[in-house]
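> Whatever this is, show me its structure:
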Amino acid sequence: MNIMKLIEDRQKDHHCAKIPTIAFLGDSVTDGVFELKDGEDGRFDLIYDKENVYHSDLCKLLHLLYPSVSLNIVNAGINGSRSVSGNERLEKDVLSAHPDLTVVCFGLNDVHGGSAKVELYHDTLKTIFERLKNAGSEVIYMTPNMMNTVVSPLLKNERLVKVATACMNFQEDGTFDKYLEAGKLAARECSVPICDVHEKWKQLQSNGVRVTDLLCNHINHPCREMHWLFAVSLLETMMIDYNT
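As a prediction, this is how the structure comes out:
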């Protein structure tokens with residue numbers, strides 16, 4: 001991808017080459033939310049850890065490979081965000097920063113619309129991809145992690161158990177798969193590279209890994225260590241020349 005050429009150019013010439021800008025548009029996982037704790041008035045306190053979110057890990061990898069290169073990182077993840085709200089705030093949160101590359105990752109919240117909203121997810125992602133490309137940004141569609149496949153006994157809050165049950169059903173009955181296939185179709189229609197992290201989680205599951213144990217909230221937020229899977233997968237995607 002051209003983003004790697006921009007990084008290489010910056011390494012060769014700090015005085016004339018631009019500092020590359022990479023934006024990340026998504027939900028709570030992109031935002032940097034990890035655990036949930038019971039708060040006041042029945043609300044949940046969100047535990048943020050911006051140092052261990054996947055785009056921070058990607059920066060660490062890029063700085064390891066290109067230690068002299070500075071990067072502008074735009075974290076446009078918002079807790080609870082769906083693709084529709086991502087499209088609504090695209091100008092304000094992403095396009096205004098003029099990114100060279102934008103990573104788009106939605107689905108964990110969209111899936112709660114059920115099968116009836118799959119087409120909306122496809123159409124909205126396609127609009128986001130087109131708007132980004134028309135603005136001059138490269139785009140990667142990154143599929144999200146798996147959600148819980150069982151309701152963890154560690155969940156004691158009744159409301160969280162209800163959410164976990166819904167997520168488990170969406171994961172297990174194929175609804176989530178329908179969303180991600182629709183997202184990949186939108187990406188192919190827009191010639192957008194796909195970083196299929198969800199498939200890698202499925203490979204782990206098929207090899208006996210208990211994926212629910214890899215979710216720090218036991219529902220849909222991957223633990224800190226698993227954010228490295230996003231980072232490494234993104235780096236692999238970025239290094240592919242899609243013009244050949």
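> residue ranges of the strands in the chain, please?
21-26, 33-38, 44-48, 72-77, 101-105, 138-142, 194-195 (DSSP state E).
> how about CSV for those strands, with distance to residue 237, mean neighbour count and mean pLDDT added?
In this view, the C-beta of every residue, glycine as well, is placed from N, C-alpha and C. Formatted as CSV, the entries for these read as follows, by distance: least, CB to CB, whole Å; neighbours: other CB atoms under 10 Å; pLDDT from 0 to 100:
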stretch, distance to residue 237, mean neighbour count, mean pLDDT
strand 21-26, 12, 25, 98
strand 33-38, 24, 17, 88
strand 44-48, 26, 14, 90
strand 72-77, 17, 19, 98
strand 101-105, 9, 26, 98
strand 138-142, 6, 24, 98
strand 194-195, 4, 20, 98
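> what's the closest of those to residue 59?
If you check each of those against residue 59 by CB to CB, strand 72-77 wins as the nearest, at 6.1 Å.
> So which elements touch the closest one?
Strand 72-77 sits against strand 21-26, helix 28-31, helix 54-65, with contacts defined as 3 or more CB pairs under 8 Å, 6 or more residues apart in numbering; DSSP states H and E.
> possible to save the ones you listed as TSV with distance to residue 123?
Putting the helices and strands packed on strand 72-77 into TSV (distance: least, CB to CB, whole Å) gives the following:
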stretch	distance to residue 123
strand 21-26	16
helix 28-31	21
helix 54-65	26
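> Of all the strands of the chain, which one is nearest residue 83?
Proximity of the strands of the chain to residue 83 was assessed by CB to CB; the nearest stretch is strand 101-105, lying at 8.3 Å.
> Describe which strands that closest one pairs with in its sheet and in which direction.
strand 21-26 (parallel), strand 138-142 (parallel) (DSSP bridges).
> what does the shortest one rub up against?
Contacts with strand 138-142, where a contact means CB atoms under 8 Å, 6 or more residues apart in numbering, come from 1-3, 100-105, 125, 129, 132-133, 183-184, 186-187, 190, 192-195, 197, 230, 233-234, 237-238.
> now swap in stretch 36-52 and tell me
Identification of contacts with stretch 36-52 by CB under 8 Å, 6+ apart yields 28, 31-35, 56, 75, 79, 157, 159-160, 217, 221, 224, 227.
> Also stretch 3-17?
Counting contacts by CB under 8 Å, 6+ apart, the residues outside stretch 3-17 that touch it are 18-20, 22, 62, 66, 68-71, 100-101, 138, 238-239.
> most neighbours, which of these?
Ranked by neighbour count (other CB atoms under 10 Å), the contacts of stretch 3-17 have residue 22 at the top, with 26 neighbours.
> list the contacts for the closest residue in space to it that isn't next to it in sequence?
In space, not counting the residues next to it along the chain, residue 22 is nearest to residue 101; the distance is 4.8 Å by CB to CB, 6 or more residues apart in numbering. Contacts were defined as CB under 8 Å, 6+ apart; by that measure residue 101 touches 1, 3, 20, 21, 22, 23, 137, 138, 139, 140, 238.
> Take the strands of the chain and lay them out in CSV including distance to residue 91.
Output for the strands of the chain, formatted as CSV (distance: least, CB to CB, whole Å):
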stretch, distance to residue 91
strand 21-26, 12
strand 33-38, 24
strand 44-48, 25
strand 72-77, 11
strand 101-105, 12
strand 138-142, 15
strand 194-195, 24
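> Could you point out which residue ranges in the chain have low pLDDT?
Counting by pLDDT under 70, the chain contains low-confidence residues at 39-42, 244.
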